[in-house]
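Colleague: quick one, what's the 3D model for this:
(chains A and B)
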Amino acid sequence: MFVVVAGGGKIGVSVTRTLLALGHELAVVEQEQSRYERLEEEFQHRAILGDATEIFVLEQAGLGRPPDILVAVTGDDEDNIVICQLAREKYGVPKVIARVNDPRNEPHFDLLNISPTVSATSMVLALVEHEVPQHELVHLLELRKENLEIVEVEIKNGSAAAGKRVEDLHLPHTARLISVVREGRAEIAVGSTELLAGDQVLAILEPGSEDDLKSVLLSR
Amino acid sequence: MKALIVGVGRVGSAVAARLRSEGWEVVVIDESEEALGRLGPNWPGEFHLGHGMDTSVLERAGIADADAFVASTDGDNTNIVVAQVAKQRYEVPVVAARILDPARADFYSGRGFDVVSPTKTAIGALSESVLSAGRD
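Modeller: Reported below is the predicted structural model:
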């Protein structure tokens, strides 16, 4: 595959290095001189000096061919959005992947149909949430395009759902259980699966039905 | 009529003053307090400190009922993104963005907002002044 990486910071360098080692063809664009020199040392002609939101720079990087994938991982969300729009709409790049630096900008990426996006901040926050004891409902994955999300809920001691079979739960129509993890072992949740206190339950639901799901699984 | 202006440098501040003098209600947004100085000591309109990408700032500034939106920060890409947000998310009827880079100005024209490229204007005018002298 031919991949163009816009932004030669830590993420851009690691992505480039890893994909090169896997035998792919790469170009990495960086506008800052000193960073570019380090890139050139490691990646030679694959490093391109310039602002990846400039069309002539993108063309130097080979956008005209076009690449199979463009990865926009600069430290500026505005730049990542513009790079993805140019790549997709001007050059017909089939797949773009963008980094979101400030999670508050995520709606802008969604609005302009740029997906998938990767936000280190959001991922760290989700992991922190995961580690907080007595968490009630942890968001594991958002499928924004599909308007679904996957969450994890721990069945508590004394919760009404403990001891019940999945088919008897009266789940909201907008939510389904996926799997149950008990003592480190996972099984698919089917109608006859009986929930026990301490179970980690994965559920898929439409955003907004968290409270309904919580009241079914956690109310006492 | 109400206009929101994001980015109050030389251009944004002069646009603000002009619209104001024509009787518009003008709300300005800028990242720096210094921008307020450009508007003069008697600026009667609202000023909001913050970044145009921040929807909470846009909403506090009243983008929901703005009739016009001007993106005139010193960053082309910021202007490009906030103009699209103003048009597509908040459906502001008239949106104009300053885009210095002629290539990006071409790419983003015809997308429902006005693209103003001072660089393209300068290229045209400078070329024309030379060429017209040559024709004499």
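Colleague: give me every residue in chain B lying close to chain A.
Modeller: Within chain B, the positions near chain A by Cβ under 8 Å from any Cβ of the partner chain are B:53-56, B:75-78, B:80-81, B:84-85, B:88-89, B:101, B:103-104, B:107. For glycine as for every other residue, the C-beta is placed from the backbone atoms N, C-alpha and C.
Colleague: buried ones among the residues you listed?
Modeller: B:53-55, B:75-78, B:80-81, B:84-85, B:88-89, B:101, B:103-104, B:107 (16 or more other Cβ atoms under 10 Å in any protein chain shown).
Colleague: looking at those, which are in helices?
Modeller: Judged by DSSP state H, the subset of those located in helices is B:55, B:76-78, B:80-81, B:84, B:103-104, B:107.
Colleague: reformat those residues as CSV; add distance to A:Ser119.
Modeller: Output for those, formatted as CSV (distance: Cβ to Cβ, whole Å):
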residue, distance to A:Ser119
B:Thr55, 16
B:Asp76, 24
B:Asn77, 18
B:Thr78, 19
B:Ile80, 21
B:Val81, 16
B:Gln84, 20
B:Ala103, 29
B:Arg104, 25
B:Phe107, 26
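Colleague: which pair of those residues spans the longest distance?
Modeller: B:Thr55 and B:Ala103 (28.2 Å; Cβ to Cβ).
Colleague: spell out which parts of chain A neighbour chain B.
Modeller: A:53-56, A:76-79, A:81-82, A:86, A:89-90, A:102, A:104-105, A:107-108, A:111-112.
Colleague: buried subset of those?
Modeller: For those, buried by 16+ other Cβ under 10 Å: A:53-55, A:76-79, A:81-82, A:86, A:90, A:105, A:108, A:112.
Colleague: in helices only, show me those residues.
Modeller: A:55, A:77-79, A:81-82, A:108.
Colleague: out of the residues you listed, which one sits closest to A:Val216?
Modeller: A:His108 (34.8 Å).
Colleague: where do the helices sit along chain A?
Modeller: A:10-21, A:33-43, A:55-60, A:77-85, A:106-111, A:120-131, A:210-218.
Colleague: mean pLDDT lowest where, among the ones you listed?
Modeller: Among these, helix A:120-131 has the lowest mean pLDDT, at a mean of 72.
Colleague: got the contact list for residue 78?
Modeller: Using chain A. B:53, B:75, B:77-78, B:80-81 (Cβ atoms under 8 Å, 6 or more residues apart in numbering or on different chains).
Colleague: that answer is for a different chain, and I need it for chain B
Modeller: Shown in contact with B:Thr78 (Cβ under 8 Å, 6+ apart): A:78, B:7, B:52-53, B:71.
Colleague: show me the two of these that sit farthest apart.
Modeller: So, those by Cβ to Cβ: farthest apart are A:Glu78 and B:Gly7, at 12.5 Å.
Colleague: where does the prediction get shaky in chain A?
Modeller: Low-confidence segments of chain A (pLDDT under 70): A:129-135.
Colleague: how is it divided into domains?
Modeller: A:2-119, A:133-218 (automatic domain parsing).
Colleague: how about the nearest residue to A:Ala47, chain neighbours excluded?
Modeller: Closest residue to A:Ala47 apart from its sequence neighbours, by Cβ to Cβ, 6 or more residues apart in numbering or on different chains: A:Leu39 at 3.8 Å.
Colleague: what bridges to the residue nearest to the spatial centre of chain A?
Modeller: With distances taken as Cα atoms, centre = their mean, A:Val118 lies nearest the centre of chain A, 4.5 Å away. Note on A:Val118: beta-bridge partners by DSSP bridges are A:Arg99.
Colleague: contacting residues around it?
Modeller: A:97-100.
Colleague: reformat the helices of chain A as a markdown table; add distance to A:Leu195.
Modeller: Output for the helices of chain A, formatted as a markdown table (distance: least, Cβ to Cβ, whole Å):
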| stretch | distance to A:Leu195 |
| --- | --- |
| helix A:10-21 | 40 |
| helix A:33-43 | 52 |
| helix A:55-60 | 53 |
| helix A:77-85 | 41 |
| helix A:106-111 | 33 |
| helix A:120-131 | 20 |
| helix A:210-218 | 8 |
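Colleague: from those, which stretch is densest packed?
Modeller: With neighbours defined as mean count of other Cβ atoms under 10 Å in any protein chain shown, these peak in mean count at helix A:77-85, which reaches a mean of 26.
Colleague: only the C-alpha atoms, please, for that helix, written as PDB.
Modeller: In PDB, the C-alpha atoms belonging to helix A:77-85 read as follows (Å, rounded to 0.1, in the frame of the first residue of the first chain):
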ATOM      1  CA  ASP A  77      -7.200  20.000  14.300                       C
ATOM      2  CA  GLU A  78      -8.000  22.700  11.600                       C
ATOM      3  CA  ASP A  79      -5.000  21.500   9.600                       C
ATOM      4  CA  ASN A  80      -6.000  17.800   9.900                       C
ATOM      5  CA  ILE A  81      -9.500  18.600   8.700                       C
ATOM      6  CA  VAL A  82      -8.400  20.600   5.700                       C
ATOM      7  CA  ILE A  83      -5.800  17.900   4.800                       C
ATOM      8  CA  CYS A  84      -8.400  15.200   4.900                       C
ATOM      9  CA  GLN A  85     -10.900  17.300   2.800                       C
END
